[in-house]
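Asker: I would like the atomic coordinates for the input below:
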Amino acid sequence: MKKLLSTVLICLLFCSSKAQNKYADSLKTVLANADKPAEKFKLMNGLLEYGYISGEGNPDSSYCIDLLRIAQQLNNDSLLAIAYNQVGNYFLRNKGDFSRALEYFFKGIPFAETVNDKRRMSSLYIDIAAVYTKLNNVEEEIEYIRKAINSLPEKTSPLYNFMAAQVYYYMSSHYLSQLQNDSALHYAQALIEVSFSLKNPMFESGAHGLMGVVYERRGDSALAEMHMAKSNLLSDSVRYLFGKIEGKLAYINYLLRNHKMAEARQQALLLMSVGTEKNNIDVKKAAAGFLAIVYDNNHRPDSAFYYSRLESAMKDSVFNQANLNKIQALVFNEQLRLIEAEGKKEAEAQQRKQNLQYSLIALGIIIFIIFFLVLSRRQITNTKVIQFFGVVALLVVFEFLNLLLHPFLERITHHSPLWMLFALVCIAALLVPLHHRLEKWTTYKLIEKNKQVRLAAAKKTIERLERNAS
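Answerer: Numbering: from 1, shown residues only. Purely as a prediction, here's the structure:
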C-alpha cells in the first residue's frame, strides 16, 4: 500500500499543475514510514525533483548522501546514475563548486548509458552544459547541449517538457552569447510555451529575461523593460536558489546596462546576502562584481576597490589553476572513457562478425557433408572421387577445429611460436588417428553403397535387355 501511495504521489508531482507544498508534505509523510531502501530512494528522489520542477525548494544534502548510499548498497546502475546526478546538482546549484559537480556528473554518465536511461542522460548532459556556461567555455557548452538534445526522453514521457525547458533555456542563452538574436528569441519563445504547461515560474522568469535581452538589442526599450520587470517579479517567487539567481543575474545586468545604479545596487546587495547565507561562492562572486561596477559609477572608489578585490578573490577560488587542472583531468578521463567505450563497441562488432563467419563455415561444412552423402546414395560415383571428397571434408573439419582453437592457444602459450607449434603437434597427434579411422570408415561405407548402386543399376539393365530379347 505504501509503495502504491508513493507512486501516485510522485505521478501527481510530475503531472499536476497544482503540485504545491501539500504534495511535498505527503511525500515526506510516506518517506517517514518507508522501510524498504528502494522505496526510500524513490521518495527522496521525488522530493528533490519536486524542488527543481516546481521551483519550490533546493537540493537537500542529506537526501543526496542517502541516495548515493542506497544506490551503492543495492548496486543498481539506474539508481547510481540518479544519485550521482543529484550529488552533482547539489555542488553545482547550492555550492557553486564546478569541479566537484563535474566529477559526479561524469561518474553518472556510464551508469545512465548502461541502462539506456534517456531522461537521466539528458539531465546529466544539460547539467554539464550548465557548468561550462558558468566557466565561459562555449565549445564544451554547446557540445553538451547538443548531447542533451539527442538524449531527450520520448515526448510521451511526463518529464519531456521539464527536460526540453532546460535545453531551450541553455540554447537561447548560448545564442545570446554568440550575438545570434533571432535564434535566441526562437528558443526563448519555445521556453515560455513549455513553462506555461509546467506552471513553473522559474522557467517563465528565465524566458522573459532572455526575451528582454533580445528586445533590448533590437532597440525596443518598452518591450525589453516589460520582459525584464516580469522576469524579476517571477524570480522573487522562486524559492529554488539556482532558478532565483539566474533571474536576478539577468535583471541586474540589464539595470547596469541601462545605468539604473540605485536599483542595481539594491538587487546586488540582496544577491550578496543570499550568496553569503547559502555559502555559494559563485553567487557571492557575481554580486561582488555588480557592486564594484555600481560603486565605481557612483564615484566611490574605496567601496569599488573593496568589492573588486572581493570578486577577484572569489574568482581565484573558482578559476584557480588547481581547480582548472582538476576540471581538465576530469574532461580527459571522460574522453578516455568514451574512446575506450567506442573501442569496446568496435571489438564487440568484430567479435559478432567473426562468430557469424564461424557459424557460416560450420553450416557450410554440414551442408557439404549432407550433399555429399545424398549424392553418393543416389548417383554412381567413381571410388577415387568419393575418397578425394571424403579426405577434403575431413580436412576442412580438422582445419576448422584448428581455427577455433587458435585464439585459445595464443592465450595459454602467450604467443610463443615454439609452444604454439608444440600444442598444434599434440592436437594433431590426437586427431590424426581419429581422422584416419573416420576416413577409412566413411570411404568404406560410401564405396560399399556405391557398389550396391552400381549392382542395382546393372541388374536393371540386364532385366531390361532380357525383356527386349523376349
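
Asker: please make it C-alpha for all contacts and neighbour counts, starting now.
Answerer: Will do.

Asker: identify each buried residue in the helix or strand where Ala264 lies, please.
Answerer: Following DSSP states H and E, one finds Ala264 within helix 261-278. By neighbour count on 16 or more other Cα atoms under 10 Å, the buried set for helix 261-278 is 261, 264-265, 267-269, 271-272, 274-275.

Asker: of the residues you listed, closest to Arg69?
Answerer: Proximity of those to Arg69 (Cα to Cα) peaks at Gly275, which lies at 28.9 Å.

Asker: quickly list the domain ranges of the chain.
Answerer: Using automatic domain parsing, the domain ranges for the chain come out as 2-332, 347-469.

Asker: possible to save those domains as a markdown table with mean pLDDT?
Answerer: Shown next, in a markdown table, are the domains of the chain (pLDDT from 0 to 100):
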| stretch | mean pLDDT |
| --- | --- |
| domain 2-332 | 83 |
| domain 347-469 | 69 |
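
Asker: then the helix holding Ala264 to PDB, C-alphas only?
Answerer: Output of helix 261-278 as PDB, limited to C-alpha atoms (Å, rounded to 0.1, in the frame of the first residue of the first chain):
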ATOM      1  CA  MET A 261      22.500  52.200 -10.500                       C
ATOM      2  CA  ALA A 262      20.300  52.700  -7.400                       C
ATOM      3  CA  GLU A 263      18.100  49.600  -8.200                       C
ATOM      4  CA  ALA A 264      21.100  47.700  -9.400                       C
ATOM      5  CA  ARG A 265      22.800  48.300  -6.000                       C
ATOM      6  CA  GLN A 266      19.700  47.200  -4.100                       C
ATOM      7  CA  GLN A 267      19.400  43.900  -6.100                       C
ATOM      8  CA  ALA A 268      23.200  43.200  -5.900                       C
ATOM      9  CA  LEU A 269      23.200  43.600  -2.100                       C
ATOM     10  CA  LEU A 270      20.200  41.200  -2.000                       C
ATOM     11  CA  LEU A 271      22.200  38.800  -4.100                       C
ATOM     12  CA  MET A 272      25.200  39.100  -1.900                       C
ATOM     13  CA  SER A 273      23.000  38.400   1.200                       C
ATOM     14  CA  VAL A 274      21.600  35.200  -0.500                       C
ATOM     15  CA  GLY A 275      25.200  34.100  -1.500                       C
ATOM     16  CA  THR A 276      26.500  34.600   2.000                       C
ATOM     17  CA  GLU A 277      23.600  32.800   3.600                       C
ATOM     18  CA  LYS A 278      23.900  29.800   1.300                       C
END
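
Asker: what helices or strands is that helix leaning on?
Answerer: For helix 261-278, the packing partners by 3 or more Cα pairs under 8 Å, 6 or more residues apart in numbering; DSSP states H and E come out as helix 241-257, helix 281-297.

Asker: give me the buried positions along the first one.
Answerer: Pointing back at helix 241-257 there. Residues 241-252, 254-256 are the ones in helix 241-257 that count as buried (16+ other Cα under 10 Å).
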